[in-house]
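>>> Dropping a prediction and its sequence here:
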Amino acid sequence: MRIHFIAIGGSAMHNLALALHHKGYIVTGSDDVIFEPSKSRLAKQGILPSQFGWFPDKINTSLDAVILGMHAKPDNPELLKARELGLIIYSYPEFLYEQSKHKTRVVIGGSHGKTTITSMILHVMNYHGRQVDYMVGAQLEGFDRMVHLTDENDFIVLEGDEYLSSPIDRRPKFHLYKPNIALLSGIAWDHVNVFPTFENYLEQFRIFVDSIVKGGSITYNEEDVNVRSIVEASTNSIRKLPYATPDFFVEDGQTFIETREGPMPLEIFGRHNLNNLSGAKWICQNMGIDEDDFYEAISSFKGAAKRLEKIGESDQTIIFKDYAHSPSKVAATTKAVKEQFPDRKLIACLELHTYSSLNAEFLKEYKGSLKDADVSAVFYIPESVRIKGLEEISIEQIGEAFEQHDINIFTNSKAFKEFLFELDVTNSIILLMSSGNYGGLDLKEVVERI
């Protein structure tokens, strides 16, 4: 098949392009800018566009389909040409469904935890040599790509994102997968630019639960009141399988989970991660892995990339980088680190980077999210607020939203770096939480200096 990608450089899009190239498809693509590591990975396989920009001449009737990425705009010249020629145009999730119509689709949904749970399932399957197709939102140890597609594998495991499918398809991605086996980890309001009210956001998860194939199953976190309410109210003819955080304890900076065979040490930590583990266990059992085999495999799981990732350590200091940026993730991650290292000073640094986090009305959702830290800092770039077309926010507004009088707030990368370098980091943990890069902060330099 001949497939052309409009906006091939995105994290998800370039991984799908690599997967199809690996499958033997003829892949072409365009984009107006491509950053690393996408650029090098596409170049290595010979499918990096020779020049950046949009070229309608690339679109012709020899193509079997066009895949449209979120980075493109509705008036993209290549998209207009494809429509003019009557070509098949897929969004990213539509194409994944097309590739998996005859497989058992396992879809992991939720505002938080879905990347980690999907990663845990794939780690266990890989450990036991079980071949499955997949799409996950982070690079995993032992996996070449974030997407893998075959004709022969029976299962496909999909991370079910609730964000929009494409510039011309405003449906959330996870509405299109029609799972046979689903999981819902937690619901906390996010993506306020698309879902302006919490009720509107909740409705997307109701639709997801009702999209499960009749006779299928939903494994759900019964500790989350919103999840429990939506799943238990659904009239869809599916099995409803609740899970909860397992018993565990922390000893000398090591987390142990209670199993039938006794306490078992884990590489990961944090109550939210153990809750994720419990959900992953039930999904793996639905996929034919028994409990003992699950525990054997999960004991070596170190976490998904950028999720509580240890990037530096000395005798006195440990530095973690985490992708957390929404209020619920920030609160859970901060609490997890404090519980794991109760005798150390916790320095928690958050960057407000996304549309939601920089929204003046949404800021109040961060109330108390950094309360478990001994020292807390918030970084944001006022120019980013203007670029996103949002109402300006002040340092005073941020302080009021977090309701912490001692919070350190920075709008300048240099000042934030000086703050880090001047800290007393004796017997400390530094937790850097962001989906951005603190205005170009060199993390290698931070690690080396600290």
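Great, that's in hand. Residues are numbered from 1 along each chain as shown.
>>> ok, the residue nearest to F195 when sequence neighbours are not counted to D374 distance?
Using Cβ to Cβ, 6 or more residues apart in numbering and skipping the chain neighbours, the partner closest in space to F195 is Y201 (3.9 Å). Heads up, the C-betas are built off the backbone N, CA and C, glycines and all. Here Y201 is placed at a distance of 33 Å from D374 (Cβ to Cβ, to the nearest Å).
>>> What is the burial count for G216?
The burial metric for G216, expressed as a neighbour count using other Cβ atoms under 10 Å, is 21.
>>> is it true that it touches Y177?
No. Checked against Cβ atoms under 8 Å, the pair G216 and Y177 is beyond contact range at 11.4 Å.
>>> Spell out, range by range, the helices that occur in the stretch 101-250 of the chain.
Under the criterion DSSP state H, counting those that start in this stretch, the stretch 101-250 of the chain carries helices at the ranges 114-127, 198-210, 225-233.
>>> Of all the residues in the second one, which ones are buried?
Applying a neighbour-count criterion of 16 or more other Cβ atoms under 10 Å, one finds Y201, L202, Q204, F205, F208, V209 buried in helix 198-210.
>>> which residues are in contact with that helix?
The contact list for helix 198-210 (Cβ atoms under 8 Å, 6 or more residues apart in numbering) reads 109, 160, 162, 172, 174-175, 182, 184, 187, 189-191, 195, 218, 226-227, 230-231, 233-234, 236, 238.
>>> Just the ones in strands from these, please.
The strands in this structure, assigned by DSSP state E, contain G109, G160, P172, A182, L184, I218 from the contacts of helix 198-210.
>>> Which helix or strand contains E258?
For E258, the enclosing helix or strand under DSSP states H and E is strand 254-259.
>>> again, but for I268
Under the criterion of DSSP H and E, I268 resides outside all helices and strands.
>>> What of the one 4 residues further on?
When secondary structure is defined using DSSP H and E, the element that contains H272 is helix 271-286.
>>> ok, then the element right after that helix?
On the C-terminal side of helix 271-286, the nearest following helix or strand under DSSP H and E is helix 291-298.
>>> Direction included, what does the very next helix or strand once past that next one pair up with?
The first helix or strand that comes after helix 291-298 along the chain, using DSSP H and E, is strand 309-313. According to DSSP bridges, strand 309-313 has the following sheet partners: strand 317-322 (antiparallel).
>>> For the helix or strand following the strand it pairs with, the averaged confidence score.
Helices and strands here follow DSSP H and E; after strand 317-322, the next one along the chain is helix 327-340. Mean pLDDT, computed over helix 327-340, is 93.
>>> again with stretch 354-361
Confidence for stretch 354-361, expressed as mean pLDDT, is 84.
>>> Only the buried residues of it, if you could.
Neighbour-count burial for stretch 354-361, with 16+ other Cβ under 10 Å as criterion, is recorded at T354, Y355, S356, S357, L358, N359.
>>> Not including adjacent chain positions, what is the nearest residue to the fourth one?
In this structure, S357 finds its nearest non-sequential neighbour in H325, 5.8 Å apart by Cβ to Cβ, 6+ apart.
>>> can I assume that neighbour is in contact with L358?
No. Applying Cβ under 8 Å, one finds H325 not in contact with L358, separated by 10.4 Å.
>>> shared neighbours of these two, anything?
For the pair H325 and L358, residues contacting each of them under the criterion Cβ under 8 Å, 6+ apart are L352.
>>> what's the distance between the residue nearest to A138 when sequence neighbours are not counted and G113?
Spatially, and ignoring its direct neighbours in sequence, A138 is nearest to A304 (4.0 Å; Cβ to Cβ, 6+ apart). Taking Cβ to Cβ as the criterion, A304 is separated from G113 by 10 Å.
>>> I'm done for today, thanks for sticking with me.
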